[in-house]
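K.L.:
Could you work out the structure for the sequence below:
(2 chains, ligands or ions: 1)
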Amino acid sequence: MAKITFITTNDENITVEGDSGSVMELAVQNNIAGIDGDCGGVCSCATCHVHVDPEFVSQTGEASEIEKDMLELDDNANEFSRLCCQLDVSDELDGVILRVAQ
Amino acid sequence: MKKSEFPDPFEQARVEKGYGEMNDQDDPVTMLLRLKDVRKTAHNWKTFQSGATPGRIVVPSEVNIRDTRQIPFEVDPPMHGDYRKILEPWFKRPLEAEYQAQLKQQINEIVDEMLKLDSVEVVEEFSLRLQSRALTLLLNIPYEEAEVWIGWGTHVFRSEGVALDGDKANILYDYIDKQIDRAIEKPGDDLYSVLLASEVNGKKLTKEEVKGVMILTFAGGRDTVINAVTNSIAYFAEHPESLARLKAEPEITGKAVEELIRYFAPLTHMGRVVTEDTQVCEHAKKADSRVSLCWASANRDAGVFDKPNEVVLDRKINPHVSFGFSHHNCLGATHARQIMNILLKTLAEKVSSIDILECEENIEDLDQFQRKVGYDSLNVKFN
Ligand code: FES
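P.N.:
Next up is the predicted model:
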């Protein structure tokens, strides 16, 4: 079980729990505002963009080339950006804080 | 070659030069063929604008057959974003359970009907009807209205043999004018009425603006959805193992939808007008000339996609651009994805196999390239 906290663009704090699937799926199941997951998680829509709280970057790891290419052209992207459909929910992510991008 | 195969005519030009050339009514187009270039150019709206003369970013150009600006499609940021903001909640309605239940019922019904027939011409009898009926949900208007649009046939925007037909386009424009007047007289909870009541930057949308959104809604989702649906039927006819797999593993349906849409790229390309002298692929482009973002070619870029010319039903990383990219990505994508998702599930549930009896391919003539985009007709038997 991993507890993951989302901070929405309205500064709402929502902590949810999961043990499988992607972080995007977990967010959509819990109606986290701003995470739409339009493409179902195949890295094609960028509607699952989050900023990883800097403290937790080592837990989430680095984006793949393809993911980076998608983010590169997103005006709201920065070094902490991830497409959370590319993050698998696992114990390793326990405690992570993710800020939903604009 | 299998009948359901969609070859990639762009490969050589994409690898060697990165672009192709097409003349279009004496307003030539440089087609960008690589995924990275397509994305960068789509993102750079200042140099590659959408807000040019109405109809000019479409290829073939519609400058001679239309004056109404399609909204938000032919508007650049920041105004573009202001329109998008009011439209997006409406166009995300396909995510609601009630919408999906109704769409499912429509698709169930039409598949059941097809199963009873000995031969079905998929384009007219199946895809056009399915698309038209589903559009009543997106517009939130009575189901019966679909009959009017079905009556127009598949070629309201493009008649057979003629890429652009002004008279036919007028059928649609007149129809939309009438519907707007009706909604002014008797507002309801349909898209026309909602638009008429909407404000952008503190100003009510004008009739012309409402018309611009409605033309886009009708035109953008017609050929594209019809092609996606028809091509999928052809694919499953020749790939019964894929149909069986979807039945056994319905959880991959979402990935299968994205993959089919990548492979088919129902819209080949979309243009932009260059606003300043610049370069694309080390090739000089003058201000006021045109480029196009070739989604169909970008989707086969071997630098990004493994086995680009194969349908890998559960492709896990699939950054395709069939719905466009960046600011102007497809407003109707949520609706289109729902249609495809429910269609695939319904076919997997109800259909054991499909036989292709006869087909005629629809080949787009892009000067340097000839691209199969769908079928003019496809006769099948659903089993
Ligand atoms: S859900 Fe589409 S890119 Fe993550």
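K.L.:
The strand or helix carrying B:Ala134 close to chain A?
P.N.:
B:Ala134 belongs to helix B:128-139 when assigned by DSSP states H and E. No: with C-beta under 8 Å from any C-beta of the partner chain as the criterion, chain A is not reached by helix B:128-139; the gap is at least 15.8 Å. Placement of C-beta: from N, CA and C, glycine included.
K.L.:
show me what contacts the most centrally placed residue in chain A?
P.N.:
For chain A, the residue nearest the mean C-alpha position is A:Cys84 (3.0 Å; C-alpha atoms, centre = their mean). Residues near A:Cys84 by C-beta atoms under 8 Å, 6 or more residues apart in numbering or on different chains: A:Ser22, A:Val23, A:Met24, A:Ala27, A:Ile35, A:Cys48, A:His49, A:Val50, A:Leu98.
K.L.:
host element of the residue most central in space within chain B?
P.N.:
Compute the mean C-alpha point of chain B, and by C-alpha atoms, centre = their mean the closest residue is B:Thr224, 3.2 Å away. Assigned by DSSP H and E, B:Thr224 falls within helix B:223-238.
K.L.:
right, is that helix up against chain A?
P.N.:
No: using C-beta under 8 Å from any C-beta, helix B:223-238 stays clear of chain A, with a minimum separation of 14.8 Å.
K.L.:
residues touching the residue of the stretch 51-200 of chain B found nearest chain A, list them.
P.N.:
When scored by C-beta to the nearest C-beta, the stretch 51-200 of chain B has B:Lys92 as its residue closest to chain A, at 7.5 Å. Listed by C-beta under 8 Å, 6+ apart, the contact set of B:Lys92 reads A:Asp36, B:Thr334.
K.L.:
Excluding chain neighbours, what is closest to B:Val59?
P.N.:
B:Gly271 (4.9 Å; C-beta to C-beta, 6 or more residues apart in numbering or on different chains).
K.L.:
again, but for B:Ile110
P.N.:
Spatial nearest neighbour of B:Ile110, excluding adjacent residues (C-beta to C-beta, 6+ apart): B:Leu130 at 5.5 Å.
K.L.:
That neighbour and B:Asn108 touch, don't they?
P.N.:
No: the pair B:Leu130 / B:Asn108 is not scored as a contact, 11.1 Å apart, by C-beta atoms under 8 Å.
K.L.:
Can you pick out the residue with more neighbours from these two?
P.N.:
B:Leu130 (26 against 14; other C-beta atoms under 10 Å in any protein chain shown).
K.L.:
mind listing what the more buried one touches?
P.N.:
Contacts of B:Leu130 (C-beta under 8 Å, 6+ apart): B:Gln106, B:Ile107, B:Ile110, B:Val229, B:Ile339, B:Leu343.
K.L.:
Against the ligand, how distant is it?
P.N.:
25 Å (C-beta to the nearest ligand atom, to the nearest Å).
K.L.:
before we move on, what SS does the residue in chain A that the ligand sits nearest to have?
P.N.:
Proximity of chain A to the ligand (C-beta to the nearest ligand atom) peaks at A:Cys85, 3.1 Å away. Following DSSP: H, G, I helix; E, B strand; the rest coil, A:Cys85 is assigned to helix.
K.L.:
how much space between it and B:Val58?
P.N.:
To B:Val58, A:Cys85 is 32 Å away according to C-beta to C-beta, to the nearest Å.
K.L.:
More neighbours: which of the two?
P.N.:
Of the pair A:Cys85 and B:Val58, A:Cys85 is the one with more neighbours under other C-beta under 10 Å, namely 29 against 20.
K.L.:
so the closest residue to B:Pro72 other than its chain neighbours is in which element?
P.N.:
Nearest residue to B:Pro72, sequence neighbours excluded (C-beta to C-beta, 6+ apart): B:Tyr83, at 3.8 Å. Applying DSSP H and E as the criterion places B:Tyr83 in helix B:79-91.
K.L.:
Show me the contact partners of that helix.
P.N.:
Residues outside helix B:79-91 that contact it (C-beta under 8 Å, 6+ apart) are B:45, B:50-51, B:71-72, B:75, B:138, B:191, B:194, B:198-201, B:213, B:327-328, B:331-332, B:334-335.
K.L.:
and the residue of the stretch 1-150 of chain B found nearest chain A, how many residues sit next to it?
P.N.:
Nearest to chain A in the stretch 1-150 of chain B, going by C-beta to the nearest C-beta, is B:His43, at a distance of 4.4 Å. B:His43: 17 surrounding residues under other C-beta under 10 Å.
K.L.:
Backbone torsions only: list them for it.
P.N.:
Backbone dihedrals for B:His43, given as degrees, to the nearest 10, come out at phi -80, psi -30.
K.L.:
again, but for the one 10 residues further on
P.N.:
For B:Thr53, the backbone dihedrals are phi -50, psi 130 (criterion: degrees, to the nearest 10).
K.L.:
Likewise for B:Thr278?
P.N.:
Phi and psi for B:Thr278, reported as degrees, to the nearest 10, are phi -150, psi -170.
K.L.:
for it, what are its contacts?
P.N.:
Under the criterion of C-beta under 8 Å, 6+ apart, the neighbours of B:Thr278 are B:Thr47, B:Ala284, B:Lys285.
K.L.:
Could you check the pLDDT of the residue of chain A closest to the ligand?
P.N.:
Per-residue confidence at A:Cys85 stands at 97 (pLDDT).
K.L.:
what do you get for B:Arg66?
P.N.:
So, for B:Arg66, pLDDT stands at 86.
K.L.:
and it, that's in a strand?
P.N.:
No: counting by three-state DSSP, B:Arg66 is not part of a strand but coil.
K.L.:
so it makes contact with B:Leu172?
P.N.:
No: between B:Arg66 and B:Leu172 there is no contact under C-beta under 8 Å: 9.9 Å.
K.L.:
Cross the contacts of helix B:79-91 against strands and list the overlap.
P.N.:
Applying DSSP state E to these, the entries found in strands are B:Glu199, B:Val200.
K.L.:
ok, of the contacts of helix B:79-91, which come out buried?
P.N.:
Neighbour-count burial (16 or more other C-beta atoms under 10 Å in any protein chain shown) is assigned, among the contacts of helix B:79-91, to B:45, B:50-51, B:71-72, B:75, B:138, B:191, B:194, B:198, B:200, B:213, B:327-328, B:331-332, B:334-335.
K.L.:
Which of these fall within helices?
P.N.:
If you go by DSSP state H, the buried ones among the contacts of helix B:79-91 have B:Leu138, B:Leu191, B:Val194, B:Val213, B:Thr334, B:His335 in helices.
K.L.:
Who are the contact partners of the third one?
P.N.:
The one in question is B:Val194. Applying C-beta under 8 Å, 6+ apart to B:Val194 gives the contacts B:Trp90.
K.L.:
cool, and the second one?
P.N.:
Contact partners of B:Leu191, counting by C-beta under 8 Å, 6+ apart, are B:Trp90, B:Leu138, B:Leu139, B:Asn140, B:Ile141, B:Val213, B:Met214, B:Thr217.
K.L.:
sorry, back to before: okay, the residue nearest to B:Val59: pLDDT?
P.N.:
pLDDT, B:Gly271: 98.
K.L.:
SS state for it?
P.N.:
Relying on three-state DSSP, one would call B:Gly271 strand.
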